[in-house]
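J.: Make a model of this:
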Amino acid sequence: MYSKFYIQIKHRNSIETWSKTGGQPYTLGSALSYDFTSAASQSYGSNMIKVNTSPLRFGIYGGDINQDGTIDATDLSGVDNDASGSVSGYVKTDLTGDDFVDAGDVSIVDNNASGSVSIMRP
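T.: Model (predicted):
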């Protein structure tokens with residue numbers, strides 16, 4: 001016998017993302033494997049973005065640095081301020097993961113804020 005459930009992913013500077021509608025079958029005590037990257041529809045509400053075409057891959061939206069569930073001007077301001085200050089290291093405003101807050105990080109949060117990206121929950 002199995003139950004259905006959702007998988008929730010949370011990260012320090014990304015939109016909280018849930019697995020697709022209907023939940024995933026799971027047998028208690030068995031191993032779990034789930035691929036969010038194969039299609040946007042693997043997430044609830046298809047709330048992911050294409051990050052590569054060859055091979056085709058999808059990823060979680062980045063830029064929700066204050067973790068309020070929406071990527072907006074507040075997040076953009078925080079990333080822009082850190083980019084202006086040349087902040088480096090493992091910081092939540094470094095969206096690219098290269099240990100530097102710069103124009104690449106600002107571009108990500110700006111694009112996602114323009115698209116009104118927000119959490120979609122079951």
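
J.: Assumed residue 81 was part of a helix.
T.: Yes. Under the criterion used here (DSSP: H, G, I helix; E, B strand; the rest coil), residue 81 sits inside a helix.

J.: Distance-wise, check it relative to residue 14.
T.: From residue 81 over to residue 14 the distance is 19 Å, taken as Cβ to Cβ, to the nearest Å. Heads up, the C-betas are built off the backbone N, CA and C, glycines and all.

J.: Between the two, point out the one with more neighbours.
T.: The residue with more neighbours, out of residue 81 and residue 14, is residue 14; 21 against 13, by other Cβ atoms under 10 Å.

J.: just checking, that one touches residue 66?
T.: No. Here residue 14 does not reach residue 66: they are 12.0 Å apart, not a contact under Cβ atoms under 8 Å.

J.: Helices of the chain, start to end?
T.: 73-84, 103-114 (DSSP state H).

J.: Next, count neighbours for residue 41.
T.: When neighbours are defined as other Cβ under 10 Å, residue 41 has 13 of them.

J.: And for it, nearest residue in space, chain neighbours not counted?
T.: residue 20 (6.0 Å; Cβ to Cβ, 6 or more residues apart in numbering).

J.: Quick check, the one you found in contact with residue 40.
T.: No. When contacts are counted by Cβ under 8 Å, residue 20 is not listed as touching residue 40 (9.6 Å).

J.: and these two? which has more neighbours close in?
T.: Shown here are residue 20 and residue 40; by other Cβ under 10 Å, residue 20 has more neighbours (20 against 16).

J.: give me every residue that touches that one.
T.: Contacts here follow Cβ atoms under 8 Å, 6 or more residues apart in numbering; on that basis residue 20 touches 41, 42, 43, 44.

J.: And it, how far from residue 122?
T.: According to Cβ to Cβ, residue 20 stands 9 Å off from residue 122.

J.: What of residue 21?
T.: 7 Å.

J.: With residue 72 instead?
T.: In this structure, residue 72 and residue 122 are 23 Å apart, going by Cβ to Cβ.

J.: which one of those two has more residues nearby?
T.: Ranked by neighbour count (other Cβ under 10 Å), residue 72 and residue 122 place residue 72 first, with 19 against 13.
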